[in-house]
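*Asks:* Turn this into a structure:
(one chain, ligands or ions: 1)
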Amino acid sequence: MAEFTMELNDEQKEVRDWLHGFAADVIRPAAAEWDEREETPWPVIQEAAKVGIYSLDFYAQQYFDATGLGIPMAMEELFWGDAGIALSIVGTGLAAVGVLANGTEEQIGTWIPQMYGDPNDVKVAAFCSSEPDAGSDVASMRTRAVYDEAKDEWVINGTKTWATNGGIANVHVVVAVVDPELGSKGHASFIIPPGTPGLSQGQKFKKHGIRASHTAEVVLDDARVPGSCLLGGKEKLDERLARARERAKSGGERVKNAAMATFEASRPAVGAMAVGTARAAYEVALDYARTREQFGRPIIDNQGVAFQLADMRTSIDAARLLVWRASWMAVNGKPFTAAEGSMSKLFASETAKKVTAQAIQILGGNGYTREYPVERMHRDAAIYTIFEGTSEVQRLVIARTLSGMPIR
Ligand SMILES: Cc1cc2nc3c(=O)[nH]c(=O)nc-3n(C[C@H](O)[C@H](O)[C@H](O)COP(=O)(O)OP(=O)(O)OC[C@H]3O[C@@H](n4cnc5c(N)ncnc54)[C@H](O)[C@@H]3O)c2cc1C
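*Replies:* You can find the predicted model right below:
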């Protein structure tokens, strides 16, 4: 187990500087254009693939870094560049982690390379769980997967919504109900291979922020996939369902919710994205406050402005510390006895919303225009309190964990 540290080692500093260079030189200059276009920035993803940032190898290296700081450091730098473009670069990772966490070695080896493609022909992947009537309440999911034993195929029907890269992905990972009696314990994940008949894109959403990231509905209409596309395989699923039925019969003994443990481990990464956006806005505001003069002196000479900057920086540093702690706990298998993963996401996302609003205020009229990036950063920041569990859901999880109540 690695000791908790607040200091990046030399190798991590090198990676951080390299990522920062990419964020500053490639992502940031393209941010306003792709925000206006509201399209996936394929050329930027390709650039990231060419230098090795858009690849499973890169994420695996950061993911398995025993200090736990690899992923938060990478997310913070890329999202410092621009949240929409960075999400287009890291969105595939959400689907890849779904396969890494639940797939067999063969599934990992077959599907993850197809999610990324190669630098000359980049692909993206989508993770599709949310539905129109199942957002925070995942147990209300309706998309149904039925096994056709004669053909060894699964037949999937339903509508997914809010899928990042939905419909434009080469590979979709879809969560569906296999046993409706078991609530969220009766769900399973499936690979939908490229070109599967029956999968189509529904509406593409026009969003408030992160507009360079594609978000759409995914419709599954009798989509048939081979039995081998069930993540983890049929035998493991049957065992899991049998255990869940047994527990349900014996009065629902409280068990650790595996999905919740996964969320605790993945939420700090979203917290780190929020830290990146907050830091970006704070830096613009600090720079502006030092140079903008009113009443014959820089506006930072007013305590009303300087104290705001002091609060902004304090919150950002506090958010980063919560994120780093939770990431270290996740990598080192520490139990999240106080939902520390959710805490980090809650605090960092609320910080990003607040800090980006303060940045607009410090830039005055300029902050309110698209000539300056803080307006975009504020729109982008609003997503962090919504996806991967809203702030209310984070509070619910923290409160239930503290009180010992079951989290469904
Ligand atoms: C840009 C974007 C990208 C996304 N990407 C993906 C993706 O790639 N894959 C995917 O599967 N999903 C994705 N999502 C979906 C996202 O995770 C959901 O939007 C989120 O979980 C909230 O669900 P909902 O939108 O249905 O809101 P609802 O669950 O309807 O919530 C509405 C409001 O009610 C509150 N609320 C709900 N229940 C409670 C409660 N018990 N107590 C207190 N308050 C409550 C919520 O906090 C919220 O404020 C994405 C969403 C967006 C906007």
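*Asks:* Can you pull the residues of the protein lying near the ligand?
*Replies:* Neighbours of the ligand within the chain, by C-beta under 6 Å from any ligand atom: 94, 127-130, 135-136, 162-164, 207, 210, 215, 383, 386-390, 392-393, 396. Where you see a C-beta, it was placed from the backbone N, CA and C, and this is true even at glycine.
*Asks:* out of these, which are buried?
*Replies:* When these are checked for burial by 16 or more other C-beta atoms under 10 Å, the buried set is 94, 127-130, 135, 162-164, 207, 210, 215, 383, 387-389, 393, 396.
*Asks:* Now do the buried residues in stretch 228-248.
*Replies:* Ser228, Cys229, Leu230, Leu231, Gly232, Leu237, Arg240, Leu241, Ala244.
*Asks:* Any idea what the third one is bridged to?
*Replies:* The reference is to Leu230. Phe190 (DSSP bridges).
*Asks:* Kindly indicate which of the buried residues of stretch 228-248 lies nearest Glu39.
*Replies:* Cys229 (29.4 Å; C-beta to C-beta).
*Asks:* dump the residue contacts of the nearest residue to the closest one once chain neighbours are set aside.
*Replies:* Nearest-residue entry for Cys229: Ile191, 4.3 Å, with adjacent residues in sequence omitted and distances by C-beta to C-beta, 6 or more residues apart in numbering. Residues counted as contacts of Ile191 (C-beta atoms under 8 Å, 6 or more residues apart in numbering) are Val99, Gln107, Trp111, Val171, His172, Val173, Val225, Cys229, Leu231.
*Asks:* Of these, which belong to helices?
*Replies:* Within the contacts of Ile191, residues falling in helices by DSSP state H are Val99, Gln107, Trp111.
*Asks:* and the gap between the last one and Leu19?
*Replies:* Going back to what we said before, that points to Trp111. 26 Å (C-beta to C-beta, to the nearest Å).
*Asks:* And the strands in the stretch 101-250 of the chain?
*Replies:* Secondary structure of the stretch 101-250 of the chain by DSSP state E, counting those that start in this stretch: the strands cover 117-118, 121-122, 125-128, 144-148, 153-164, 171-177, 187-192, 199-204, 215-226.
*Asks:* picking that back up, any chance of the ones in helices among the contacts of Ile191 in TSV with neighbour count as columns?
*Replies:* Below are the ones in helices among the contacts of Ile191 laid out as TSV (neighbours: other C-beta atoms under 10 Å):
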residue	neighbour count
Val99	24
Gln107	19
Trp111	22
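*Asks:* Can I get those residues in a markdown table including distance to Arg292 and pLDDT?
*Replies:* Formatted as a markdown table, those follow (distance: C-beta to C-beta, whole Å; pLDDT from 0 to 100):
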| residue | distance to Arg292 | pLDDT |
| --- | --- | --- |
| Val99 | 49 | 93 |
| Gln107 | 55 | 97 |
| Trp111 | 51 | 97 |
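*Asks:* Noted, bye for now.
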